[in-house]
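Colleague: attaching a predicted model along with its sequence, questions to come.
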Amino acid sequence: MQDHGKRPLIFPKWVDSLRPVVFGVASIVPVYALVLLYYGGSPRTTDVGYMPAQPVPYSHTVHAGDLGIDCRYCHTTVEDTAHAAVPPTQTCMNCHTGIHPESPQLVPVRESFSTGLPVRWVRVHDLPDYVYFDHSAHVSRGVGCVECHDRVDKMDTVVQAQPLSMGWCLDCHRNPDPHLRPLDEVTNMVWEPPGDRAELGARLRERYGIAPSEDCSTCHR
Amino acid sequence: MSVVGTTAPSADPWDNTSDDPTRRAPLVLGAADYASVTEKVAELAERRRPPRAWYIAFGVSLALTGLLGAMILYLFTTGVGVWGLNSPVGWAFDIINFVFWVGIGHAGTLISAILFLFRQSWRTGINRFAEAMTIFAVICAGLFPAIHVGRVWLIYWVFPLPNQMQVWPNFRSPLLWDVFAVSTYFTVSLLFWYMGMIPDLATLRDRATSRVRQRVYGLFAMGWRGSNRHWQNYERVYLILAALATPLVLSVHSVVSFDFAVSMVPGWHTTIFPPYFVAGAIFCGFAMVLLLAVPARQWFGLEALITLRHLENMNKIMLATGMIIGYAYFIEFFIAWYGGNVYEHFAFVNRALGPYAWSYWIMVTCNVIAPQLFWSKRIRTSPWVAWGICVFINVGMWFERFVIIVTSLSRDYLPGSWGAYKPTWVELCTLLGSFGLFFTLFLLFVRFVPMVAMAEVKAVLPQADAHASPNEPERRATGTLAVEKA
Amino acid sequence: MSSLDPTTDSGRPRSFWRSLDERADTPEFRQFVEREFPAWADEMLEPASRRRFLQLMGASMALAGMTACRWPAEPIVPFAHRPAGFVPGEPLHYATALELAGAAVGLLVTSYDGRPIKVEGNPDHAYGLGGTLAWHQAALLDLYDPDRSQHVAQREAGPASWDDFVAFARPHFDALRAVRGSRLAVLADASSSPSRADMRARFTAAFPDARWYEYEPLSRDNAREGARLAFGRPQRTHVALDRAETILSLDEDFLLHHPAAVRYARDFVLGRDPDGATFSRLWVVETSPSLTGSVADRRIAIPNRAIQAFATCVLAKLVHEAGADLPAALDGLGPVLDAARRHPMYGRVDADLVLDLAGKAGRTVVLAGPRLPAETHALVHALNATLGNVGRTVTYTAEPDPDRPSHAQAIRDLARDMGRNFVDTLVLVGGNPVYDAPADLGFGDLLARVKTSIRLGAYEDETSRVCTWHVPRAHIFESWGDARDFGGTVCLIQPLIEPLHGGRTDLDLLAQLLGEAPFAAYEIVRRTFARGAAEPDPRAWHEALRVGVVAGTAWPEAGPTIGTAGWSKRLRAALDAPAYPEPGSYELVFGPDASVIDGRFANNGWLQELADPLTKLTWDNAVIVAPATAAEMGVRHGDVVRVTRSGTSVELPVFVLPGQAPRTVGATLGYGRTRAGRVGSGAGFDVYPLRVGDDTAWADVRVEPTGRTYRLATTQDHFAIDTLGAQERAERAVTLVREVELEAWRHDPQHAMPGEHAVAPVELWKPHEYPDERWGMAIDLNACTGCGACVVACQAENNIPIVGKAEVARGREMHWIRIDRYFAGAPDAPEIVHQPVTCHHCENAPCEQVCPVGATVHDAEGLNVMVYNRCIGTRYCNNNCPYKVRRFNWFNNQKHQSDLEVMIYNPDVTVRSRGVMEKCTFCLQRIQSVRIQARNEQVRGENGRAAGRLIRDGEIVPACAQACPTRAIDFGDLNDPESRVHRKHASPRAYRMLAEFNVRPRTAYLARVRNRGGHPEGAA
C-alpha cells in the first residue's frame, strides 16, 4: 500500500482543486432550494398582482376615487353578511340610465340589463373553498377595506394587492392593533390615523372587545 | 499455518466452534494470509460475470421490485381504499411491514457498533453485509410510512419546514418521533457502512484493471492511501461513529414501539413495548443476517471467512433474544390479567382465542418454540438447518406485528364499532414487492462491493499481531483473553 | 319557468344534466342556471372550478408548479336584477310539507341561493313540532336525483315534450267527456290534499262514468274498516300518549310507521319523564321486532294471527278477573269473552298487563296496527271503551271520504275491469302498481293491454315502462300543493325551486285533463284555500304560506257510538283458528321498510345507506329469523333460503335477529326494484310476489336452505361474531349503555345509578381554558328511540358522501353519527337499547395528541376541530379514538357526481377530498354563523361597549338535535349554568362513556329508565 506513489494517477492533479467547489456546492444548493421554494411558492409571489381583464372596463378610480362613491353603495351586503356581494346590473343602471347612456364601454351592462343575463365578472380576491372569510365580522370590528383590498380607489382595474395567505391573515389576527380604525372610517380609503396608530388600535381593540382568534375552526369548517 | 490444524480438537479443520478454554478458536480458516484474504474477497467483486444463480435471483427480485412500483402507482392514483383497511382497522400491512423491516434493520448496526465496542472480533467476518442489509431494510421500512398516508403529496408536512401557513408539525405525535428516529438511524448507518468500506474500496481501486472501475472505485475511495494518518483518523472516526450508533440501536425501535405504547388502544398501551421491540428487532435482524450469510458463504465459497463459529454465535444470540421475546409474551398476558383493566384483558384473551388466534399461534410457534432448537449444538452448527429456523423466525416476527396491530385494532372499546380486516391482493403484492426491492439492492451489493470487510478481517489474522509469542500466538491476535473466556 | 319549459327549448331530448357540456352553452340553460343558482352558476358552467379543493391540494404537492397555485379564473355571476330582500350567499327558510302514508308533516326547507339544501321540521306544525323522520330529511336527495325522469315519454315515439302530450290529451279527453268518461279510469296514490279532492270531484263531475281508484300497498284501511264495524262509520283514532300510564300496542309501530309518528314519538317521550309525575309503561305485542318494540318495557312476541286472540283474552281477563265492567253497548261480546277463557292465549296474557290496564280509567291507551284485521281494530275500540279511555286518552275524528273502497278492494276492482277490457284509458297518478300491486293480479300484463295509459311518475319505473304515456312528476319541493296532517289541519306546499326537469304535479295533470289548463297547481291551491271565494284573502294566504299551516282546519272531534253488531260473531269464530302455523310452515310477516318504506325511496342513497334501526342492515332486506328458529331450520346468518308460498317462491338471505316470534319470519317490502334507478335497482329482494290475495299482512310459507350464502352489509357487527366476542359485547353493553329501574330512581335518584370510576386526573399538558363558551352535548337515552333521523340529517347538513354497499360491508360507512344497538337478556325475549354515538370532543382528546401534522386540535370553545386541509391521512387519530367516530375518505367520494348532484351540497361545509379524515364538528358552521351574528350585534350594541349580546341558549342547534323527533339531543354552553345542556350534565342520570380513561368527553349520556314493573319474564 505504500507504493501508491509509483502508480499512474487515476485522476488528474487538477481534480484536487475541485474539492472545495464540491463541498461548497453541496452545502449551498439545499439551502438555496429551500429559500427558493419558500419564497417562490408563497402566495406573495404567485398571487399578488393578479389583475384579470374584466368584461366591463369598470374603474374604481373613477367611481370610488374621483366620484367618491362609498363602497357600500354597490357592495351593500358587506356589513351584515359574509359576502360583499358584487352589485346587480340594476345598481349600475341606477346612474347610467342618465349618465353616459350611450357609452360603448357600457354595452355589456345595458345588454345584461335588458336581457337579464348577468355580467360575468372575474373574481380577483379568491380564497380556497375550504376557507370561510366573513366580511361582516371584520368590517364591524373596524378593519378597513384598505387593509386587505388596498387603495381600490386608485385601481382602474382591480388587482390583488395582498397575498391573502394564511400566514398573512395570522399576522393581523396575532397583532390587530395597527390594522384597526374607528367604525365610521372603515370604508374611508384615505383615512389617516390621528397620532400613533398602534396606540389608537389598542384603544379600539379594548373598545370593540376584539379578541382575534387563531383557532383553525375560525376559518376552516 | 500449522496453527489451525492443532487448534481445532475436532477432526474437521473447518470446525472452529469448540470452546476449549485453553485454546482460542481462530476466526479465519484455511491457509489465510493478507494476500489470500484480499484475493478471495476482491475477486468476488472483480469477476467478469457472477454465477448463474445470481442472475436468476436478480431477475426475480427485479421483477418483484417492478411489482412494488406498480402497486404504489395504483395506490397513489386510486387512494388508500385499495387496501383492505377500514374503521376500526386503520393500519395493517402498511405499518406491519414498516415495523418488520425496521426490525430487520437492527442487526447491522448492532453487529458493527455494539459488538465493535465490546471487542467481539468475530463481527469482522459478517459486519459488512450485515450493515448493508441494515441499510436496505431501512430503505424498505421507510417506504411504508411514506406511502400509507391518504394524501402522499403532502407527506413533507411531517418535516418541520418553514411555510407561509405558519404551522409546524405536532411534536407530541409519536409518528413525528418516528420520522426523526428512522432518518437519523438511516443516516448514521449509511455513514458507518461507507466509512468502513473506504479502505476496501481503495484496495479494489488499486486492483482495478479497467479505467472505469478505477475511476468509480477511486471516486468512492476518496483518495485513501492507507497512510498512517489515514488509518489513525479512520480508527478514531470509526470509534466515534460506533459510539453514536450504539444508542440508536436501542432508540429507533423504542421510538417505533411508542407509536403503539403511547396510544390508548387496548393491546398497544403497554410499557413493556420498548425493550420487547428492541429484543425482537435484534432477534429477527440476526435471523435475516444468517438467512443471507448461509447461502452467500456457500455460493461464493466464503466458508473460510464466515466460519461456523460466526453462525453459531449468531444462533446463540437468537436463542437468547428469542427467550426474551417469549418472556415478553408471557408477561404481557400476566399484566393484562393482573392490571385488572377489562379492555386490556379482553384484548389479550382475544389475541389467543379470538378470530385472529391463528396468527397468534403462528407467532408463538415461530418465535418462541422454533429457536429452542438452538439448544442443540448440532443444529447450531449445521448451517442449512439453522437457515430453516431463521425463515421461521422472520415469519414469526412479521406475524408478531400483525397480531399487535390488527387484532388490537379490530376489537377496541365499543363493541358497536368492532370490525374485521382482510388484506387485498394489493397489500399482498406490496409486501412481496418490498422483499423484491430488498433483495435487488442486496444482490447489487454482493456484485459490486466487497461483501466482507477485508481490512478488518486481516486485523484478526494471527499475522496481524506483531507481538504474538510462539506458544500462544493467537492470544493477542484478537483482543483480550478475558472476553473470549467469558 | 320558461328556461326549463320543454316547450321553449330546442326540443332535443332533455338530457343535459347527464351530458352537461353539450348543453351548457344554450342560452336558456345559462339563463336558468344563472337566475336559479347565482353563486353556483360558475360551478355548474365550469365544472373544473368545482374541484378546486383537490386542485389546490395537488398544486401544493411539493409546490411543484408554483404557478399552479393560481387556480383557474372563477367568474362572479351577480343578478341582473336582484330580487328585493334577497342576499346572495345567505340561507332562506320556506315552510312546506311532505305527505307520507296519507298524512302530512310540516317542514321548513333551507334554501341557499335558490338551492334547497336542508330540510327541518316546522315547529309551528302540531304533528311535527319541529321534528322529522329520516324520510323527511332524505326527500331532498330525490330532488337532485339524476335518475328522475326528465321528459315526457311516449311508448312508441320515445322522448316527447309536454306540448306533444297536450296535443294528444286535449282531443282525447274532449272525446271522453262526450261519452261521460266511460271506459276511463284513474288510479291514484293516496292523498289527503283538499285540492286534489276538489279536482277529483270536478273530474268525476266532468266524467261521470269514469272510475276513480286509490291504491297504496301499505294502507291503514283495516283501521278504517275496524271503525266501520265498531261505529258504523270510518273513524280515525287519536291517542294522547303523553297522558297515558299504560300503553298497550298491538303490532302498532307508532314511533316509525304511523302517519303521526313524529308527534306520537314526542308525546310518548313526554309521558316518560323520569322527573315528572307520570311515567308510562309500554307493552308491545308484535311478531317482528319493530322500533316501538325495541323501546318497550315489556314485549310479547307471538304470531301475527294470534294477536287478535290475545287481545280478546286481554279483554276477557279484564272483565272476568280484574272486574272491569263491559259497557252495555258491548254486551254482544259476552259469549266471545267466555269462549276466550278456554283459549290457549288466555294463559299467555300476563297478570301484570291486566293489572296495568285495570282500574285506570282514562289513563291507559290500547292501539292496534294496520296489519291486524278489521275485527281486531273493532275489538281495540271495545277495549278502550271498556277501559274508559274514550274522550280522555283516546279520541276520534271522522275519516274523510268514508265511502271509498279499501285500497285492496280498489286495485282488485280495477284489475277486474281491466281484465274484462272495460278500461280503454287509464290515468295513473303516482304510485307504482306494477311493482307493488298484489302479485296474483298480474297488474303489469293487464296494464300493458290498456289502449291508452297515462302515467304521472317521478321515475320511468316498472309502471311507466308499460304505459303509453309517461309524464314526469314534479318533486314535492318543486310543487304547489296542499295536504292534511293526521288531525286534518291543512298544510300548504310551496315550491322552493322551479321544476328542474319540467315535472308536473298531479294537480297540473288533472287540470290539463279537465281542460282547465293553463290553470294549474298554484291557482288550484289558492282556489281551494279561498273555499269558493274568487280570491283568497291575501293576508291570510301569505300568513298561511309563512307559517305553513292553515289555522282552524283541523277536524272536529267525533263522538261515535260503539256497537258489536256484525263483528262479535266473526270475533268468536276467529278464536277457533289456530294460533300457530302448521308444523313445517312458518308465518311470514310483511312489513314496511325503515328505509324505503314500500319501495318509493328505493333510489335514495341516504336511505339505502341508513342502517335499519334493528338489524343495522344497509342496501338490502332479508328474512328475519329468531336464533332458535334458525337453528330449527338449520340455517345460519347470511344463508340464502327459498321462501315458498303456494307455488311462488322468492330467494333471499337470512338475518338472524333476536326477538322475532317463534314459528314466524319477517320480511320488509320495497326492495328488489328492477327500474328504480342507478341506486335502487337490484338492491335487496322483492317479496311482493309472495303478497297475494287479500291477506296482505302475513302468509304461511315454507322455508328451505339453498346452500348458497349472501353478503349482507351491516354498519354494526360487520362479521359473524364468535362466542368470545359475543360474551364480551354483552358484558360491556351494560356499562356503556346505563339503565336504571324506575322504582330505584324514584326511591333515590342520587344512588340509583351505578357509580362511575372516579379518576384523579393527571394532566400531561396544560389544561385548556375557556373564557367564553364551552360547547357540550347531552344525549338522553331515555328519549332516544333509535329512529335514525339524526343520521340522515347529519348527512344532509355536512355533505357526507354515500359510499355504497361494498364499502359499507368493508366497514367504511361515513356517517358522523351512528346509533349503536345492543341486545340484552335472553335471545328469545331480548331487551334492545339504542345509543347514538358521535364525536365526544374530549377534553384530553387522544386523537389530538397523535396527529403528526396537528390536523386535529382543540379550539378556544372546547371543540375538537378537524382541519381537513391540514390532514395528510395517517389514520392514527381514528386508531386512537376510543369511540371510533372518525371517518376516512378512502377514495375520492365526489368523483363520479353529476353537476346536478353536487347542487345539494351545503356551501358552509367543506367538501372533503380523498385521503382526509373527517368527523362530527358539532355543526361548527352553525356555531360560527350564530357567533358571528351575535358578536356583530355585540359591537353595534350601545357604542361598541364589549358588553353586548351573548349567544342565547338553544340558539345554536346541531342538525342531529334539530331533526330529533323526541328532542333526545341537547347542545349548548357548559359554562352557562342555566343552559339545558348544563342542567342535563348535572342530572344524576348523567354519565360519560369510558370516563375512566380520563379522556373527559364533552358528551354526557343520560341513563335510560326502565319501567318493567311486576316481575317480567321477558327481561333477563
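Modeller: Yep, that arrived.
Colleague: from now on I want contacts and neighbour counts done on CA atoms only, so please keep to that.
Modeller: Will do.
Colleague: tell me the secondary structure at whatever residue of the stretch 51-200 of chain B ends up closest to chain A.
Modeller: Nearest residue of the stretch 51-200 of chain B to chain A: residue B:165, at 4.7 Å (CA to the nearest CA). The three-state label given to residue B:165 by DSSP: H, G, I helix; E, B strand; the rest coil is coil.
Colleague: pLDDT value on it, please?
Modeller: With respect to pLDDT, residue B:165 scores 86.
Colleague: so what's it up against?
Modeller: Residues in contact with residue B:165 (CA atoms under 8 Å, 6 or more residues apart in numbering or on different chains) are A:165, A:166, A:167.
Colleague: so is residue B:216 in a helix, a strand, or just coil?
Modeller: Of the three states, residue B:216 takes helix under three-state DSSP.
Colleague: quick one: it from residue C:559, how far?
Modeller: Distance from residue B:216 to residue C:559, counting by CA to CA, to the nearest Å: 107 Å.
Colleague: in stretch C:189-196, what's buried?
Modeller: C:189, C:190, C:191, C:192, C:193, C:194, C:195, C:196 (16 or more other CA atoms under 10 Å in any protein chain shown).
Colleague: inside helices: which ones of those?
Modeller: Among the buried residues of stretch C:189-196, the residues falling in helices (DSSP state H) are C:194, C:195, C:196.
Colleague: so the second one touches residue C:480, yeah?
Modeller: No: under the contact definition of CA atoms under 8 Å, residue C:195 does not touch residue C:480, with a separation of 10.3 Å.
Colleague: between these two, which contacts overlap?
Modeller: Taking CA under 8 Å, 6+ apart as the contact rule, residue C:195 and residue C:480 both touch residue C:525.
Colleague: now the helices for the stretch 201-350 of chain B?
Modeller: Counting by DSSP state H, counting those that start in this stretch, the stretch 201-350 of chain B has helices at residues B:211-221, B:228-261, B:273-299, B:308-339, B:342-353.
Colleague: let me redo that: chain A
Modeller: Ranges of helices within chain A are A:15-41, A:43-46, A:60, A:71-74, A:89-96, A:107-115, A:135-139, A:145-149, A:166-174, A:197-208, based on DSSP H.
Colleague: weakest of these in terms of mean pLDDT?
Modeller: Ranked by mean pLDDT, those end with helix A:43-46 at the bottom, a mean of 80.
Colleague: helix or strand next in line after that one, which one?
Modeller: Using DSSP states H and E, the helix or strand that follows helix A:43-46 towards the C-terminus is helix A:60.
Colleague: which residue is the nearest non-sequential neighbour of whatever residue of the stretch 651-800 of chain C ends up closest to chain A?
Modeller: With CA to the nearest CA as the measure, residue C:798 is the residue of the stretch 651-800 of chain C nearest to chain A, at 9.8 Å. Spatial nearest neighbour of residue C:798, excluding adjacent residues (CA to CA, 6 or more residues apart in numbering or on different chains): residue C:909 at 6.0 Å.
Colleague: what is the neighbour count of the one you found?
Modeller: 21 (other CA atoms under 10 Å in any protein chain shown).
Colleague: hmm, it is touching residue A:219, no?
Modeller: No: applying CA under 8 Å, one finds residue C:909 not in contact with residue A:219, separated by 11.1 Å.
Colleague: any stretches of the stretch 651-800 of chain C with poor pLDDT?
Modeller: Of all residues in the stretch 651-800 of chain C, those with pLDDT under 70 make up the ranges C:718-720, C:755-761.
Colleague: next one: the stretch 1-150 of chain C
Modeller: The model of the stretch 1-150 of chain C has pLDDT under 70 over residues C:1-71.
Colleague: just the strands from it, written as ranges.
Modeller: Listed in chain order, the strands of the stretch 1-150 of chain C (DSSP state E, counting those that start in this stretch) span residues C:75-76, C:91-100, C:103-112, C:115-121.
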